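*Asks:* give the three-dimensional model of this entry:
(one chain, ligands or ions: 2)
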Amino acid sequence: DDWAERGAAVHVQREADANGNVQIKTIKKGVKDFTFGRILGEGSFSTVVAATDRQTLREYAIKILDKRHIIKEKKVKYVNIEKNTLNRLGDHPGIVRLYYTFQDERSLYFVLDLAPNGELFSVLKKLGTLNMECTQYYSAQLLDAVDYMHNHGVIHRDLKPENILLDENMRIKVTDFGTAKLLGVRKPVDGTAGDSSDNISSIPIEDERLNSFVGTAEYVSPELLTDKAAGKSSDIWAFGCILYQLLCGKPPFKASNEYQTFQKIIKLEYSFPAGFPQVARDLVSKLLATDPLKRLTIEQIKAHPFFADVVFGPTLWSRKAPRLA
Ligand SMILES: Nc1ncnc2c1ncn2[C@@H]1O[C@H](COP(=O)(O)OP(=O)(O)OP(=O)(O)O)[C@@H](O)[C@H]1O
Ligand SMILES: O=C(O)[C@@H]1CCC(=O)N(CCc2ccc(Cl)cc2)[C@H]1c1ccccc1Cl
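*Replies:* Ligands and ions are numbered 1, 2, ... in the order given. Predicted coordinates for the structure are as follows:
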């Protein structure tokens, strides 16, 4: 199925008829096409409800946003960013997929993949820590999803265990793209109308300094606290924090309040608990580098001994998730 460029408001389906001619069907969904079920969770501006498509009986998570509340809180921009970002990231097993959007007079609706096993955060809180096998499995999936985002000109900017959901096979689905940064498409210098699909520049279109958004304190990179420039390497920093947290149960930079946490980040004040595996120490220390240019790239991370027995690529998403321990 192809996705209408304008946004996932319509779902284009191609079907070959008896003579092999391709028929193009567009599907316009609305509230009445779904049976709404249990509430999966609440956000600051949203309620997420499990729902079943009445025709196909497929289950989804529908994120319902109250228009009045969004307008009052001046969050309309985030709604558009979330929609545009999800439309750009429509085809990766580790990223929540947006199937349809629609609205009624009161609400906006985002029809998303259902991740029935909740947040990786809750699993980690319950278990305390993950063993090496589980940590390698989940961090490899996260790395693969981040690689895909970056290759599609998207910086997540708020990666954290709460935004990593678990699907029915206990594989990850990254969510929460309302605060992502979409790297713009620049016209080539000579002014010719370049093909917009290939020249995703690494320089965001809007002025960096106007950026007020920073992620969640424990996962914010130092450059975001000093000069506001969020780049792809800011996601790599957050990845390093998550990797550390999966293995020892708490993030590397954690203090009694946000300000103290920021101080620790800027001073790179963290340490490894006894028993933290050496190969993981080596990798984490090359991710939590103050200078963004010194952090490993995704290719270098994949080649690190920590991932020696992980095969990146499609098998990462078809192999069985290890029993959580
Ligand atoms: N696709 C999904 N499948 C299952 N549960 C989901 C899905 N998306 C979100 N949830 C759950 O619903 C809750 C609300 O998610 P939502 O993304 O709307 O808000 P949030 O980002 O968690 O909160 P905030 O807006 O304050 O950052 C979360 O607890 C999340 O775990
Ligand atoms: O961009 C789109 O796909 C359409 C375009 C037409 C439209 O009216 N909307 C809703 C615009 C909007 C955004 C925020 C609020 Cl609070 C109210 C309306 C957009 C929309 C519809 C449904 C769900 C999300 C969005 Cl952004």
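
*Asks:* contacts, neighbours, all on C-alpha from now
*Replies:* Will do.

*Asks:* who's in contact with the longest helix along the chain?
*Replies:* If you go by DSSP state H, the chain has its longest helix at helix 132-151. The contact list for helix 132-151, computed with C-alpha atoms under 8 Å, 6 or more residues apart in numbering, reads 89, 92-95, 155-156, 171-172, 174, 232, 235, 239, 243, 246-247, 298, 306-307, 310, 312-313, 316-317, 321-325.

*Asks:* mind exporting that helix as CSV, just the C-alpha atoms?
*Replies:* The C-alpha trace of helix 132-151 is given here as CSV (Å, rounded to 0.1, in the frame of the first residue of the first chain):
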residue,chain,number,x,y,z
MET,A,132,23.3,-8.7,28.6
GLU,A,133,21.3,-10.8,26.1
CYS,A,134,18.2,-8.7,26.5
THR,A,135,20.1,-5.5,26.6
GLN,A,136,21.9,-6.4,23.3
TYR,A,137,18.6,-7.3,21.7
TYR,A,138,16.6,-4.2,22.7
SER,A,139,19.5,-1.7,22.2
ALA,A,140,20.2,-3.2,18.8
GLN,A,141,16.6,-2.8,17.8
LEU,A,142,16.6,0.8,19.1
LEU,A,143,19.8,1.5,17.1
ASP,A,144,18.3,0.1,13.9
ALA,A,145,15.2,2.3,14.4
VAL,A,146,17.3,5.4,15.1
ASP,A,147,19.4,4.6,12.0
TYR,A,148,16.3,4.6,9.9
MET,A,149,15.0,7.8,11.4
HIS,A,150,18.3,9.6,10.8
ASN,A,151,18.5,8.3,7.2
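
*Asks:* the contacts of helix 132-151 also near ligand 1: which ones?
*Replies:* Among the contacts of helix 132-151, no residue is within reach of ligand 1 (C-alpha under 6 Å from any ligand atom).

*Asks:* please convert the buried members of those residues into ChimeraX selection syntax.
*Replies:* Typed into ChimeraX, the next command selects the buried ones out of these (criterion: 16 or more other C-alpha atoms under 10 Å):
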select :89,93,94,95,155,156,171,172,174,232,235,239,243,246,247,298,306,307,310,316,317,321
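
*Asks:* helix or strand right after the longest helix of the chain?
*Replies:* strand 154-155 (DSSP states H and E).

*Asks:* low-confidence regions, the stretch 51-200 of the chain specifically.
*Replies:* Low-confidence segments of the stretch 51-200 of the chain (pLDDT under 70): 185-200.

*Asks:* and the chain, which residues reach ligand 1?
*Replies:* So the chain meets ligand 1 at 40-48, 61, 63, 112-116, 118-119, 176 (C-alpha under 6 Å from any ligand atom).

*Asks:* recalculate using a threshold of 5 Å.
*Replies:* By C-alpha under 5 Å from any ligand atom, the residues of the chain that approach ligand 1 are Gly41, Glu42, Gly43, Ser44, Ser46, Val48, Ala61, Leu114, Ala115.

*Asks:* residue numbers of the protein in contact with ligand 2?
*Replies:* Close to ligand 2, as judged by C-alpha under 5 Å from any ligand atom, the chain has residues Lys67, Ile70, Ile71, Val76, Asn80, Thr101, Phe102, Gln103, Leu108.

*Asks:* switch the cut-off to 6 Å
*Replies:* So the chain meets ligand 2 at 7, 9, 67, 70-71, 76, 79-80, 101-103, 108-109 (C-alpha under 6 Å from any ligand atom).

*Asks:* which of those residues tops the neighbour count?
*Replies:* Counting neighbours by other C-alpha atoms under 10 Å, the top entry in the residues of the chain next to ligand 2 is Ala9, with 25 neighbours.

*Asks:* and the pLDDT at that one?
*Replies:* Note on Ala9: pLDDT of 52.

*Asks:* could you do Leu210 as well?
*Replies:* So Leu210 comes in at 56 (pLDDT).

*Asks:* returning to that earlier point: from the contacts of helix 132-151, which land in strands?
*Replies:* Ile155, Ile172, Val174 (DSSP state E).

*Asks:* can you lay out the residues of the chain next to ligand 2 as JSON lines showing secondary structure?
*Replies:* Output for those, formatted as JSON lines (DSSP: H, G, I helix; E, B strand; the rest coil):
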{"residue": "Gly7", "secondary structure": "coil"}
{"residue": "Ala9", "secondary structure": "coil"}
{"residue": "Lys67", "secondary structure": "helix"}
{"residue": "Ile70", "secondary structure": "helix"}
{"residue": "Ile71", "secondary structure": "helix"}
{"residue": "Val76", "secondary structure": "helix"}
{"residue": "Val79", "secondary structure": "helix"}
{"residue": "Asn80", "secondary structure": "helix"}
{"residue": "Thr101", "secondary structure": "strand"}
{"residue": "Phe102", "secondary structure": "strand"}
{"residue": "Gln103", "secondary structure": "strand"}
{"residue": "Leu108", "secondary structure": "strand"}
{"residue": "Tyr109", "secondary structure": "strand"}
